[in-house]
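Visitor: What follows is a predicted protein model with its sequence.
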Amino acid sequence: MDKDIIVAEDEDVKIIFHFKVFCKLLKECMSIYGNTTIENAQQLVKNFHPLQQPISTTDDIVFFSHENIYHWAMLALYGETYWLIHPECEKLPDSYEKWVENALSRHSLDDCYEFMSKNNNVTNKA
């Protein structure tokens with residue numbers, strides 16, 4: 001997919017998925033925590049099966065939002081059940097939270113997802 005932002009909505013919620021930022025952070029996360037080159041990470045993200053599927057509904061976006069960027073990066077790098085093959089990747093690295101906070105702030109974001117309730121105009125971050 002080659003989109004910057006994906007917007008989906010249903011009767012209850014509107015979700016903005018900062019897709020380009022998500023992909024960029026996946027690459028960075030793989031290169032930092034997966035000990036691979038940024039070039040390899042770019043190819044892995046390009047070929048990552050979940051990102052090749054249509055992302056157009058709120059359910060599609062929620063599928064991504066239920067896990068952190070680290071999980072998606074390790075899944076793209078090492079595959080299903082990566083934590084069994086690479087037990088060192090099972091837990092978030094100590095520096096991850098600070099890294100992802102700084103990475104998102106470079107894009108003036110708190111998260112890659114913005115959830116806006118249509119019923120009471122409440123905005124929630126994933």
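Guide: Now that the structure is in, tell me what you want to look at.

Visitor: pLDDT-wise, which helix or strand of this protein ranks last?
Guide: When each helix and strand of the chain is scored by mean pLDDT, DSSP states H and E, strand 123-125 comes last, with a mean of 57.

Visitor: for the lengthiest helix in the chain, packing partners?
Guide: When the chain is scanned for its longest helix (criterion: DSSP state H), the result is helix 19-33. In terms of contact count using 3 or more CB pairs under 8 Å, 6 or more residues apart in numbering; DSSP states H and E, helix 19-33 is assigned the packing partners helix 38-47, helix 69-78, helix 96-105. Every C-beta, even on glycine, is put in place using the N, C-alpha and C of the backbone.

Visitor: So what's the residue count around Ala76?
Guide: Residues lying near Ala76 (other CB atoms under 10 Å) number 23.

Visitor: same thing with Phe22?
Guide: Here the number of neighbours of Phe22 (other CB under 10 Å) works out to 20.

Visitor: List the residues that contact the residue nearest to it when sequence neighbours are not counted.
Guide: In space, and not counting its chain neighbours, Phe22 is closest to Cys112: 4.4 Å by CB to CB, 6 or more residues apart in numbering. Applying CB atoms under 8 Å, 6 or more residues apart in numbering, we find Cys112 in contact with Phe17, His18, Phe19, Val21, Phe22, Leu25, Phe64, Ser65, Ile69, Leu104, Ala126.
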